[in-house]
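Student: Sequence first, predicted coordinates after that:
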Amino acid sequence: MKFHAVRAMSRRLAAPLSDADATVQSMPDASPAKWHLAHTSWFFEAMVLEPFAPSYTPFDAGYAFLFNSYYEALGARHSRQRRGMITRPALEAICDYRDHVDRAIDRLCRDEPSERIDALIELGCHHEQQHQELLLTDILHLFAQNPLHPAYKDYAPDEGDGESAPLGFVRFAAGIGEIGAGDEGFAFDCERPRHRVIVSPYRLADRLATNAEWMEFISDGGYLQPLLWMSEGWAKCCGEQWTGPLYWEERDGEHWTMTLSGWRRVDPAAPVVHVSYFEADAFARWSRRRLPIEAEWELASQSRPVSGNLLESGRLAPAPAGRGGLRQMFGDVWEWTSSAFSPYPRFRPAQGAAGEYNGKFMCGQFVLRGGSCATPESHI
């Protein structure tokens, strides 16, 4: 059952963490690992158990306030930027909470089977897989604030010989295509309905941009040239004094970065990671190219197998590209597009509280596609 596999994966990802590791919040946009573990359980409790299991007894009535994220329809919640103040319940108690919810879901599926319940459980599984990636990226940010730069997991990804495959481009013809999810199988509400799009001829790079190429961008003054940047991006670049990707630091003429395996030299051949939309857009302009629109990315990806360097590889770091054709569409790093996160034609949010999942955020954001080395394969 996918439910049990997903729930077990969250426990495995949290296993290397102490109670202190799992409690601290390093910035308002990150959440403690303990909160991720509890929130994903609250999601099943609030969306599945309370509406469909009348005899269900909550593990703790106060958890609804602590672990609701942004669901206005489901009541008041603890302030997001203060999640790191939740020193209690302890991590052990959160694990007990997870077991309580798991047992209740099992009973519900056995005693009251229904397609509606199955659909909500599947949504909850994909929601938890999103939080598995967040748990890892938030731990990375937390450990990067520690002067000792501790490793989440002691391992050393093979850095290869530092040589990247030559950059090429794949041509795609103009035409009318279809993007978006069909009627069968799981999809988030924002991925539907499937609809037609018109695209002009375009070319797509056959691999991701590398750290070596980003070093050239830095050396050529990419972070110092306002004509390369969107106005808002330039303001952020200056205001926050950006000089390179997040976590990069120069030491004795070499670039180093924080990773889930600790502090390491930047691999020139590996894909660049931890850059904002504004940085990606500026890099594209510097390269005399542009970011693709979402429809171009999706049409190009439709002929590719949905596989790559994803969470199950265990690498937990982007890998250099191999050779031969369009590659790295899935896994390694999320890929920026220039498309705003806006509704597809005839979009309708899901019914009930689940309708707050995506539609309310369709403002001021850009679309990424393809997943990362921390994205579960069955999710992407």
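Tutor: That came through fine.
Student: Now do the phi/psi pair for L204.
Tutor: Note on L204: its backbone torsions stand at phi -120, psi 130 [degrees, to the nearest 10].
Student: do the same with L140
Tutor: L140 adopts backbone torsions of phi -60, psi -50, taken as degrees, to the nearest 10.
Student: Excluding chain neighbours, give the residue nearest to it in space.
Tutor: L260 (5.6 Å; C-beta to C-beta, 6 or more residues apart in numbering). Every C-beta, even on glycine, is put in place using the N, C-alpha and C of the backbone.
Student: Kindly provide the distance from the one you found to A14.
Tutor: Between L260 and A14 the distance is 14 Å, computed by C-beta to C-beta, to the nearest Å.
Student: again, but for S26
Tutor: According to C-beta to C-beta, S26 stands 16 Å off from A14.
Student: ok, now V306?
Tutor: Using C-beta to C-beta, V306 is found at 26 Å from A14.
Student: for this protein, what spans make up the helices?
Tutor: Taking DSSP state H, the helices of the chain run over residues 2-14, 19-23, 33-44, 50-52, 63-67, 91-111, 115-144, 211-219, 231-239, 277-286, 294-301.
Student: what's the offset of the second one from the middle of its chain?
Tutor: Read that as helix 19-23. Distance of helix 19-23 from the chain centroid (C-alpha atoms, centre = their mean, to the nearest Å) equals 21 Å.
Student: ok, now the first one?
Tutor: Taking C-alpha atoms, centre = their mean, one finds the center of helix 2-14 at 17 Å from the center of the full chain.
Student: I'd like the average pLDDT over it.
Tutor: For helix 2-14, the mean per-residue pLDDT is 97.
Student: Equivalent analysis for the second one, please.
Tutor: Averaged across helix 19-23, the pLDDT comes to 98.
Student: and it, which residues are buried?
Tutor: Neighbour counts over helix 19-23 (16 or more other C-beta atoms under 10 Å) mark D21, A22, T23 as buried.
Student: cool, the longest one as well?
Tutor: By neighbour count with 16+ other C-beta under 10 Å, helix 115-144 contains the buried residues 117, 120-121, 123-129, 131-136, 138-144.
Student: same thing with the fifth one?
Tutor: Of the residues in helix 63-67, those scored as buried under the neighbour-count criterion (16+ other C-beta under 10 Å) are Y63, A64, L66, F67.
Student: Output that helix as CSV, restricted to C-alpha atoms.
Tutor: What follows is helix 63-67, C-alpha atoms only, in CSV (Å, rounded to 0.1, in the frame of the first residue of the first chain):
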residue,chain,number,x,y,z
TYR,A,63,-2.3,19.6,17.5
ALA,A,64,-4.8,21.0,15.1
PHE,A,65,-3.7,24.5,16.1
LEU,A,66,0.0,23.6,16.1
PHE,A,67,0.2,21.8,12.8
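Student: Contacts for it next, please.
Tutor: Identification of contacts with helix 63-67 by C-beta atoms under 8 Å, 6 or more residues apart in numbering yields 35, 38-39, 41-42, 45-46, 58, 74-78, 86, 97.
Student: Which of these are buried, as a PyMOL select command?
Tutor: With 16+ other C-beta under 10 Å as the criterion, this PyMOL line picks the buried residues out of the contacts of helix 63-67:
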select buried, resi 35+38+39+41+42+45+46+58+74+78+86+97
